[in-house]
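S.K.: Following is a predicted model, sequence given first.
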Amino acid sequence: MTEREPLFAALEWQLEAGVDEVVGFEPVDRFAPPPVSKAPVSPPPAPGAAPSPARPAAAPAAQDTAADGDLDALRERLLAFDGCALKKTATSTVFGEGPAGAGLMIVGEAPGADEDRQGRPFVGPSGRLLERMLAAIGLAREEVYIANTVYWRPPGNRTPSAEEVEACRPFVDRQIALVAPKVLMLAGGAAAKTLLGTTEGIMRLRGRWQAFATPDGPVDVMPTFHPAFLLRSPARKREAWRDLLAVKARLEAGRP
Ligand code: URA
């Protein structure tokens, strides 16, 4: 055995465990408890003194997204939000991007390695296919609002847990309400199940119009295949193309 073989074996083992990214050169223990404060401890109250007011409990997890009147305020709230465990292991928070008031909004599942590195949704191979799909119906990426159901990359690209999806849910609901798209396209079974509250698989759901309730009324929803699935199964692009044409027709309906 050469000197390097054990090193390669260790690297391969890490890759298989989902450690596929160098995010820094100094190890960081993100699960370590916060450092103990060196602030002087206040002396106990003198006998007979009035009891000091109870310390307010730690701020509840910030999820009151209805208060956020625009996407920038919502992004700020998400950046300050510590209620999803995925945040501990991710490098970036990947909020949605695109114009408020976009006619089409797309929601995928979760950021991958490229998205985690750049802090933007759908910028890896799936994103490149998504951009080509949009171009095929005459839309530039910049015209479309693109988001995910969770905002941090799950380690090793595993499927986000139900708790992680639930914790992030108010942020996707609020983004949909603020963007108020004419059509919401759900990319893949995970997004469709989360937002439509169904256990039906994407094979049955895709291509069938659904509705998503927002405070301002229902939005038309088209569930379709995830671009990552289409990269693995290009023969299914034919169905995705039909879904895209239906979306294009709905976006154009009523336009002069
Ligand atoms: N896959 C997703 O679902 N979302 C991304 O942002 C990238 C890949």
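M.R.: Yep, it's here.
S.K.: In which helix or strand does Pro218 reside?
M.R.: Pro218 is part of strand 217-224, with elements assigned from DSSP states H and E.
S.K.: Show me what from this protein comes close to the ligand.
M.R.: Gly108, Glu109, Ala110, Pro111, Gly112, Glu115, Pro121, Phe122, Gly124, Ser126, Asn148, Ala228 (CB under 6 Å from any ligand atom). C-beta: built from backbone N, CA, C; applies to glycine.
S.K.: Show the average pLDDT along stretch 154-169.
M.R.: For stretch 154-169, mean pLDDT is 96.
S.K.: Do me a favour and get the end-to-end distance for it?
M.R.: Start-to-end span of stretch 154-169 (CA to CA, to the nearest Å) is 16 Å.
S.K.: Likewise for stretch 86-102?
M.R.: Taking CA to CA, the first and last residues of stretch 86-102 lie 28 Å apart.
S.K.: Tell me the buried residues in the strand holding Pro218?
M.R.: When burial is assessed from 16 or more other CB atoms under 10 Å, strand 217-224 yields the following buried residues: Val219, Asp220, Val221, Met222, Pro223, Thr224.
S.K.: Of those residues, just say which sits nearest to Glu163.
M.R.: Pro223 (23.2 Å; CB to CB).
S.K.: from what I can see the closest one touches Ala190, true?
M.R.: No. The pair Pro223 / Ala190 is not scored as a contact, 10.8 Å apart, by CB atoms under 8 Å.
S.K.: Can you report how many residues neighbour Leu11?
M.R.: Residues within reach of Leu11, counting by other CB atoms under 10 Å, total 12.
S.K.: so which strand or helix has it?
M.R.: Leu11 is located in helix 5-16, with elements delineated by DSSP H and E.
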